[in-house]
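1. Here is a sequence with its predicted model. Questions after.
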Amino acid sequence: MTGDAKKYPVWLGLGANVGDRLDAMRTACNMISGLLKTKIMEFSSVYKTEPVGYKDQPFFYNCVIEVRTPLAPEILLSGLKRIEREIGRIPRGVGREREIDIDILLYGDLAIKNDLIEIPHPRMHERRFVLVPLAELQPNAWHPVMRMTVHELLAQIPFDQSVVRAFDSSSLEDYISYKYYG
Ligand code: PH2
Ligand code: MG
Ligand code: MG
């Protein structure tokens, strides 16, 4: 894929619950905007969220960003994993504390599932800490597997009643010093 015409809107979910969580999210955004010809278009507010799944861990900060990128999903994913490592994410096991987590939520209308990658993110449709910030940016974003908009998913979410509240009505954008040369 080359050129702007073929760039899909891509939605990334960021989360952190150990260390300087906001700083890790800011650094992640700066590094994401340093990926090849990748530009952050929009930042949601930062939300303070109750841990979902394994409960006995600190609360999270979560946000969603919209990016445009010419990178294919697998290449983008490996770039995001590298950024997680460079920020200092320590592997602690599934669902446990993390310095930074960067997930591809949606990549245009693509649905991909293989051993390396699954898009849309397999649990995004049942997580308020993802859907609330995503709906803030684009309630009409389309989930190609559930065949519903984000707004519709949020209205019918079955069991996640965890607390998700805007921590900072300004967003990470206010802290970001990145420049895009593209
Ligand atoms: N991520 C998880 C598990 N639980 N809970 C919240 N509130 N926010 C997260 O980002 C999160 C979680 C695994 O990716
Ligand atoms: Mg995650
Ligand atoms: Mg992840």
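-> Looks like it came in fine. Quick caveat, the model's predicted, so the values are computed rather than measured. Ligands and ions are numbered 1, 2, ... in the order given.

2. From now on I want contacts and neighbour counts done on CA atoms only, so please keep to that.
-> Noted.

3. Show me which residues of this protein sit near ligand 1.
-> Counting by C-alpha under 6 Å from any ligand atom, the residues of the chain close to ligand 1 are 15, 49, 50, 51, 52, 53, 60, 62, 95, 129.

4. what pairs with the nearest residue to the last one once chain neighbours are set aside across the strands?
-> The one in question is residue 129. Spatial nearest neighbour of residue 129, excluding adjacent residues (C-alpha to C-alpha, 6 or more residues apart in numbering): residue 164 at 6.0 Å. Residue 164 has the following beta-bridge partners by DSSP bridges: residue 49.

5. List the ones among the residues of the chain next to ligand 1 that fall in helices.
-> The helices, defined by DSSP state H, take in residue 129 from the residues of the chain next to ligand 1.

6. Among the residues of the chain next to ligand 1, which one is most surrounded by other residues?
-> In terms of neighbour count, residue 62 stands highest of the residues of the chain next to ligand 1 at 30 neighbours, by other C-alpha atoms under 10 Å.

7. Now do the contacts for the nearest residue in space to it that is not next to it in sequence.
-> Once flanking residues are discounted, residue 62 sits nearest to residue 15: 4.4 Å by C-alpha to C-alpha, 6+ apart. For residue 15, the contacting residues are 25, 60, 61, 62, 63, 98, 100, 101, 102, by C-alpha atoms under 8 Å, 6 or more residues apart in numbering.

8. Try it again at 10 Å.
-> If you count contacts by C-alpha atoms under 10 Å, 6 or more residues apart in numbering, residue 15 has them with 21-22, 24-25, 46-49, 60-64, 98-103, 129-130.

9. just residue 110 next, same as before
-> For residue 110, the contact set (C-alpha under 10 Å, 6+ apart) comprises 8, 10, 73, 119, 120, 143, 144, 145.

10. So which of those sit within strands?
-> Judged by DSSP state E, the contacts of residue 110 include 10, 119, 143 as members of strands.

11. Tell me the pLDDT of the residue nearest to residue 143 when sequence neighbours are not counted.
-> Leaving aside its chain neighbours, residue 143 sits nearest to residue 149 (5.9 Å; criterion: C-alpha to C-alpha, 6+ apart). You'll see residue 149 listed with a pLDDT of 97.
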